[in-house]
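Undergrad: sequence and predicted structure, then a few things I'm wondering about:
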Amino acid sequence: MESCRFELATRAVDDVESFLADLDGSHNVAISWGFGPFAAVDAVRRIVRAGYVPFWFDGDRAQFFASFIRREQLSGKPPRAVQAMELTYYLQMASIVQTGIKDAIDWIHINPFNGDGTYRLDLDEEIVRLATELWLPSCADGPSIAMTEYTL
């Protein structure tokens with residue numbers, strides 16, 4: 001199931017049952033998106049109830065914010081556009097807090113940063129290891145993995 005950047009996330013939120021049906025019971029799937037928490041909380045809960053293991057990437061938010069702004073600045077965007085993205089960041093973080101989604105689901109928390117603030121390169125290995133440890137024996141073809149991240 002390949003798709004454009006936000007099409008799958010939109011489908012999961014709009015019609016989670018159809019989205020899950022399209023997965024056809026596959027347990028070798030990773031779902032990752034920087035979601036709109038108000039719209040997605042029910043869909044994420046349903047995906048987790050379907051047996052997918054939820055991950056939440058969260059670490060030093062000051063490091064993340066610095067990385068986010070640096071990426072926006074290096075993209076060649078004019079200063080006003082970078083300021084607009086900074087506002088978007090703050091709105092996203094506020095909506096995560098307001099929805100309580102981080103506390104509403106029993107996420108497996110993963111810090112995506114090394115001690116020096118760079119992104120870890122071994123995240124895929126850790127995700128597979130953790131999902132395998134938590135994998136329900138009823139899933140004959142391996143663990144189901146549902147990931148989310150707070151990036152925009």
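TA: Yes, it's here. Source: prediction; values computed, not measured.
Undergrad: and residue 47, how many neighbours?
TA: By other CB atoms under 10 Å, 22 other residues sit near residue 47. To be clear about C-beta, it is placed using only N, CA and C from the backbone, and glycine gets the same treatment.
Undergrad: buried set for the host helix or strand of it?
TA: Secondary structure assigned from DSSP states H and E places residue 47 in helix 37-49. Across helix 37-49, burial judged by 16 or more other CB atoms under 10 Å covers 37, 40-41, 43-44, 47-48.
Undergrad: and for stretch 110-120?
TA: If you call a residue buried by 16+ other CB under 10 Å, then stretch 110-120 has these buried ones: 110, 112-113.
Undergrad: in the protein, what helix or strand scores lowest on average pLDDT?
TA: Using mean pLDDT, DSSP states H and E, the weakest-scoring helix or strand in the chain turns out to be strand 145-149, at a mean of 48.
Undergrad: in this protein, which spans are strands?
TA: When assigned using DSSP state E, the strands of the chain occupy the ranges 30-31, 53-57, 108-110, 145-149.
Undergrad: how far does whichever helix in the chain runs longest sit from its chain's centre?
TA: If each helix of the chain is counted by residues according to DSSP state H, the longest one is helix 79-99. Distance, stretch centre to chain centre, for helix 79-99: 16 Å (CA atoms, centre = their mean, to the nearest Å).
Undergrad: do stretch 93-106 as well
TA: Taking CA atoms, centre = their mean, one finds stretch 93-106 lying 13 Å from the centre of the chain it belongs to.
Undergrad: picking up where we left off before, show the average pLDDT along the helix holding residue 47.
TA: Averaging pLDDT along helix 37-49 gives 82.
Undergrad: please apply the same query to stretch 81-96.
TA: Along stretch 81-96, the predicted confidence averages to a pLDDT of 90.
Undergrad: now swap in stretch 131-142 and tell me
TA: Mean per-residue pLDDT for stretch 131-142: 58.
Undergrad: can you check stretch 116-128 too?
TA: When pLDDT is averaged along stretch 116-128, the result is 83.
Undergrad: end to end on that stretch, go ahead and measure it.
TA: Start-to-end span of stretch 116-128 (CA to CA, to the nearest Å) is 24 Å.
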